[in-house]
Structure formats: C-alpha cells, structure tokens
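Asker: Quick one, fold the following:
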Amino acid sequence: MTALLQSLTANPIRAFLAAGLAALLALFALPMAAWLPGSLVVLGLLASGPGVAWAATAGAGFALVWAFSPLFGAAPALAAAIVMLLPAMLAAFALEKSRSLSFAFQALTLASCLLVFAIHGLLGVWALFGSSLRGVLQRRPARLAFNLSMAVALAATGVIMVT
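Answerer: Numbering: from 1, shown residues only. Now for the predicted structure:
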C-alpha cells in the first residue's frame, strides 16, 4: 500500500489522473466515497508538496466539472467542484503549516459551523422574502440554480465534516 501511495504522489501527472479517477469513483459511490478526492489532495500535499496537491486538485476538479456539466451547466459545475475540493485543500494547508491534527480538526469544525450558519441565514432570508422569490422560482432555470446552490452548500458541509 505504501508503494502505491508513493507512486501516486511521486509525479504531478499521476496525482492528477489518480484524483480524477477518485472523483469519478466518488460520484458513483456517494456518500461512502465522498472523501476520496480530498484525501488524495491532502496526501499529495503532505507527501510531495504543493505542486502535487494542486495537480490532484485540478484532476479532481476537472473530473467533477466534466461529470456535472451536462446536468447543471459549466458555471454551477465549477462552483460545485470548488466547494467540494476547497475544504480538503484548506485542511491540508492548515495541517502542513501547523503540523497539528488537532488544530486542523478545530479549523474544519469552525468552518462547518460557519457554513451551517450561512445556510440557515439563506433559508431565513428565503422565508422572509419567500413571496417575492416565489415568482422568480416559478421559472425552471432559477429553480434548478436555487436547488443546486442549496445542495452544494449542504454537500460542502458534509464534506467538511467527513474530512
């Protein structure tokens, strides 16, 4: 197993391909495998440095955008990929800089609490101005964008908590 992980993180191209495959596998095995793309990003940063981590992030992001684009369009797919991979990248950098797993967990917990607070705030605004938003959400593209944004926010909370 160690030889496989060293092989994946030895070269940025291998990290790019491995993270892309992990992202596609995670899409087919949700929610059990949602941690796979982020784990390769963290592994790449800790084992070989920022170059490999950015390559792994790009590989996973490319695969996620490729998979989500036919369903939601390019911009929402890119936003979903960023939201799914950014917590892992930030956690990896926090872990690398502080060398404290406790600090990384505390930072992730705080970030997930802030994200849940933001989701509740969005839902509160929606409840207050629901009647005026109801007319906007009657149109299918606006409704799909709203549903996708809420799904991405909830998925990001889950990814942060799992990571």
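
Asker: Could you find the closest non-adjacent residue to Ser69?
Answerer: Ala77 (4.5 Å; C-beta to C-beta, 6 or more residues apart in numbering). Yep, even glycine has a C-beta here, placed from its N, CA and C like the rest.

Asker: Tell me how far the helix or strand in which that neighbour is found lies from the chain's centre.
Answerer: Remark: Ala77 resides in helix 74-98, with elements defined by DSSP states H and E. Relative to the chain's own centre, helix 74-98 is displaced by 5 Å; criterion: C-alpha atoms, centre = their mean, to the nearest Å.

Asker: Now the helix or strand that it is followed by: buried residues?
Answerer: Scanning forward in sequence from helix 74-98 by DSSP H and E, the next helix or strand is helix 101-128. Neighbour counts over helix 101-128 (16 or more other C-beta atoms under 10 Å) mark 104, 107-108, 111-112, 115, 119 as buried.

Asker: Equivalent analysis for stretch 71-85, please.
Answerer: For stretch 71-85, burial by neighbour count (16+ other C-beta under 10 Å) applies to 72, 76-85.

Asker: quick one: average pLDDT of the helix holding Ala77?
Answerer: In this model, helix 74-98 has a mean pLDDT of 83.

Asker: for that helix, packing partners?
Answerer: Applying 3 or more C-beta pairs under 8 Å, 6 or more residues apart in numbering; DSSP states H and E, one finds that helix 74-98 contacts helix 36-48, helix 50-72, helix 101-128, helix 140-162.

Asker: contacting residues around Leu40?
Answerer: Neighbouring residues of Leu40 by C-beta atoms under 8 Å, 6 or more residues apart in numbering: 8, 15, 18-19, 22, 56, 60.

Asker: Make TSV from the residues you listed and add distance to Trp66 and pLDDT to it.
Answerer: Listed next are these as TSV, based on distance: C-beta to C-beta, whole Å; pLDDT from 0 to 100:
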residue	distance to Trp66	pLDDT
Leu8	20	75
Ala15	17	85
Ala18	16	86
Ala19	13	86
Ala22	14	85
Ala56	16	88
Ala60	11	89
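
Asker: Could you identify the most distant pair in the residues you listed?
Answerer: Maximum pairwise distance among those (C-beta to C-beta): 12.7 Å, between Leu8 and Ala60.

Asker: I'm done for today, thanks for sticking with me.
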